[in-house]
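S.K.: predicted structure and sequence below. I'll ask about it afterward.
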Amino acid sequence: ATECVNRDATILQSPAPGTLVSSTDTIFNMQMEAIDEDGNVSSCATSIRLQDGVAPQLSNCPRDTLIAVNDDCAIIIPDYAARVTVTDNCDPFPAVDQSIPPGVYPVLGDSLIRVRIEGRDRTGNVDECVVRVRARDFSPPRLTCPDDFRVELNDSGRYVLPDFLLTAGITDNCQGVSNV
């Protein structure tokens, strides 16, 4: 009779356990090999994909702000993205953008605008903060009154005041020109 004896085998792994791997979105093969005392070998490979699942971190997000509306009924949106610091665990240069680009932004008088600042790493992980911009029209309207004039009293010594609202004009930097 033949007797089969179970003998220990040596298992090898490459890269070795404890090897630090850190290249994001990389696929590499891990090889394993078993060798028994008789020199018989068996091997297998496993593909491992490293994927960054950690969002970048935003710091120094601007506070909510009040911006005065100019004579053209617009505000100037600052470059908030330039004020933000973005760090990431894998991407040394994460992108930072803002939802409304810096520059002139037309408004209709007092308004609340939300500007989203977004940090994005190369694998698409995102962190964001929102700056609430209150646009405020501090300019009073310009009222144009009728020119001075002289009237004669009627036989009773009275004068009936007409509706001067039809002749007055009003101009507002955020509402155009209209009659009252």
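M.R.: Done, it's in.
S.K.: going forward, measure contacts and count neighbours with C-alpha atoms only.
M.R.: Noted.
S.K.: which parts of this structure are strands?
M.R.: 9-14, 26-36, 41-50, 57-59, 65-68, 74-77, 85-87, 95-98, 103-106, 111-120, 126-136, 142-144, 169-172, 176-179 (DSSP state E).
S.K.: and those, which one averages the lowest pLDDT?
M.R.: Of all those, mean pLDDT reaches its minimum on strand 176-179 (a mean of 42).
S.K.: ok, back up a step: nearest to Gly157, of the strands of the chain?
M.R.: Comparison of the strands of the chain against Gly157 by C-alpha to C-alpha identifies strand 142-144 as nearest, at 29.2 Å.
S.K.: that closest one packs against which elements?
M.R.: strand 169-172 (3 or more C-alpha pairs under 8 Å, 6 or more residues apart in numbering; DSSP states H and E).
S.K.: list the contacts of the residue lying closest to Leu58 once chain neighbours are set aside.
M.R.: Leaving out its chain neighbours, the residue that sits closest to Leu58 by C-alpha to C-alpha, 6 or more residues apart in numbering is Val86, at 4.7 Å. Val86 is in contact with Pro56, Gln57, Leu58, Ser59, Pro94, Ala95, Val96, Gly119, counting by C-alpha atoms under 8 Å, 6 or more residues apart in numbering.
S.K.: who's in contact with the third one?
M.R.: The one in question is Leu58. Val84, Thr85, Val86, Thr87, Gly119, Asp127, Glu128, Cys129.
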